[in-house]
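# Using only what follows, build the 3D model:
(one chain, ligands or ions: 2)
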Amino acid sequence: MAAEMALVKPISISKFGRTTPKLGNSTTRVPYTRFFTISMSATTSSQPTKPSRKGTKKGIKESLLTPRFYTTDFDEMEMLFNTEINKNLNEAEFEALLQEFKTDYNQTHFVRNKEFKEAADKMQGPLRQIFVEFLERSCTAEFSGFLLYKELGRRLKKTNPVVAEIFSLMSRDEARHAGFLNKGLSDFNLALDLGFLTKARKYTFFKPKFIFYATYLSEKIGYWRYITIFRHLKENPDYQVYPIFKYFENWCQDENRHGDFFSALMKAQPQFLNDWKAKLWSRFFCLSVYVTMYLNDCQRTDFYEGIGLNTKEFDMHVIIETNRTTARIFPAVLDVENPEFKRKLDRMVEINQKLIALGEEENPVVKNFKRVPLIAALASELLAAYLMKPIESGSVDVAEFEPQLVY
Ligand SMILES: [Fe+2]
Ligand SMILES: [Fe+2]
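Ligands and ions are numbered 1, 2, ... in the order given. From the prediction side, this is the model:
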């Protein structure tokens, strides 16, 4: 996983420790929670980052737009991937994908050199701070993928060893990505305590169907983010302020492969792609992922400008490309190329900035009084963007859905 998808969250979120999936042999089952609310602001519930010992951070600054850790209903996952129950599982296709993952194209790619430390030492002031935040958030997002895939690999071993092994190999990739980013933090004399994060952070529960939509999107948007930054810096080497970006070309191919695997998984679950509910959810997840990224990035324009990018242009390019890719598999996507979509995103940014400014307000009564209309305005922009005429999409050939075969 590479990108962040934090704007959607279930009403009830699993709490510290209680429902944390373990990497060992836990059989913890996360209780089913009902969906959905859309969190309206990136600005609330911030907690300060706590350094545990010198240079080691136990957590990252939490907000509603912080990358989340996910968990799911693993029993339902087992049913979905049982080849005796689900006849849509194309075993030859998964076997071919497994061989691709076993090839491990990036086995020797993530090797550091002394340029890293030298570049970090040169970076001072606000850019240094924003760079650290970039590394922390990216590391958390990658690690989130590692945790989810690792657990899926473990839980599906008996039911579907091929799919399980692919998940395990994807968790290998994500561990590598997260580790590489964490090594990057060491150039800034910091490190994220990933073991602590595993236990201490909240896990957001998504039903398997939603894991598919969300994870597919986050892999593909991650691919487009990395490749766009890589190509931009190749053309504009003066902005190559830190060598990690040179690794993005091969790195993003991992994310692309992960996305393609989810595409194959969804094809094997045609009930998630071929009805009106699937269309509504597809649009909902597209909107959540795009808006989360846009609001996040517009709060961090210093970072993007620091590497010579125009934040909004960069984001729109990534959104449009991700949407075009996604249209190959999702049954409906948003009309993001309609200029009205960007106008709505920009209005959300303005509202979000007002919400951020409200964070400074000390009087809680005044704060809440001013917050309510802003949240209502943000909700109305989100709804309007969701209700814009969608694009019917999806070119996947799916067999007639036979519910009795699946459950
Ligand atoms: Fe990754
Ligand atoms: Fe990934």
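
# The residue nearest to Asp260 when sequence neighbours are not counted: neighbour count?
In this structure, Asp260 finds its nearest non-sequential neighbour in Leu97, 7.5 Å apart by Cβ to Cβ, 6 or more residues apart in numbering. The way it works is simple: take the backbone N, C-alpha and C, and place the C-beta from them, glycine included. By other Cβ atoms under 10 Å, 21 other residues sit near Leu97.

# so what's Leu97 up against?
Contacts for Leu97 (Cβ atoms under 8 Å, 6 or more residues apart in numbering) come out as 166, 260-261, 264.

# how much space between it and Tyr213?
19 Å (Cβ to Cβ, to the nearest Å).

# circling back to that earlier point, distance-wise, check the residue nearest to Asp260 relative to Gly145.
17 Å.

# for Glu93, same thing?
Glu93 is 22 Å from Gly145, by Cβ to Cβ.

# More neighbours: the two, which one.
Gly145 (28 against 13).

# so the more buried one is in which element?
Per DSSP states H and E: Gly145 is located in helix 125-155.

# and the helix or strand following that helix, anywhere near ligand 2?
Sequence order places helix 161-187 as the next helix or strand after helix 125-155, per DSSP H and E. No - applying Cβ under 5 Å from the ion, one finds helix 161-187 separated from ligand 2 by no less than 5.6 Å.

# residues of stretch 181-195 that come out buried?
Neighbour counts over stretch 181-195 (16 or more other Cβ atoms under 10 Å) mark 181-185, 187-188, 190-194 as buried.

# ok, so of those, who is nearest ligand 2?
Closest approach to ligand 2 among these (Cβ to the ion): Leu181, at 12.7 Å.

# dump the residue contacts of the closest residue to that closest one other than its chain neighbours.
Spatially, and ignoring its direct neighbours in sequence, Leu181 is nearest to Cys139 (3.8 Å; Cβ to Cβ, 6+ apart). Residues near Cys139 by Cβ under 8 Å, 6+ apart: 178, 181-182, 184-185, 192, 194.

# for the protein, what spans make up the helices?
For the chain, helices defined by DSSP state H occupy the ranges 74-80, 91-103, 115-122, 125-155, 161-187, 194-200, 208-235, 248-267, 276-298, 301-306, 311-326, 339-358, 364-387, 403-406.

# Make CSV from those and add mean pLDDT to it.
CSV is the format used below for these (pLDDT from 0 to 100):
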stretch, mean pLDDT
helix 74-80, 95
helix 91-103, 94
helix 115-122, 95
helix 125-155, 94
helix 161-187, 96
helix 194-200, 88
helix 208-235, 96
helix 248-267, 95
helix 276-298, 96
helix 301-306, 94
helix 311-326, 98
helix 339-358, 96
helix 364-387, 93
helix 403-406, 35
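
# Of those, which is nearest Gly394?
Nearest to Gly394 among the helices of the chain is helix 276-298; the distance by Cβ to Cβ comes to 8.4 Å.

# Return the distance of the closest one from the chain's centre.
11 Å (Cα atoms, centre = their mean, to the nearest Å).

# Could you name the helices and strands sitting against it?
strand 8-9, helix 208-235, helix 311-326, strand 332-333, helix 339-358, helix 364-387 (3 or more Cβ pairs under 8 Å, 6 or more residues apart in numbering; DSSP states H and E).

# Those: which one's closest to Asp104?
Proximity to Asp104 (Cβ to Cβ) singles out helix 208-235 among the helices and strands packed on helix 276-298, at 17.6 Å.

# which parts of that closest one are buried?
Within helix 208-235, the residues scored as buried using 16+ other Cβ under 10 Å are 208-230, 232-233.

# out of those, which touch ligand 2?
Taking Cβ under 5 Å from the ion as the test, ligand 2 is in contact with Glu219 out of the buried residues of helix 208-235.

# Sounds good, over and out.
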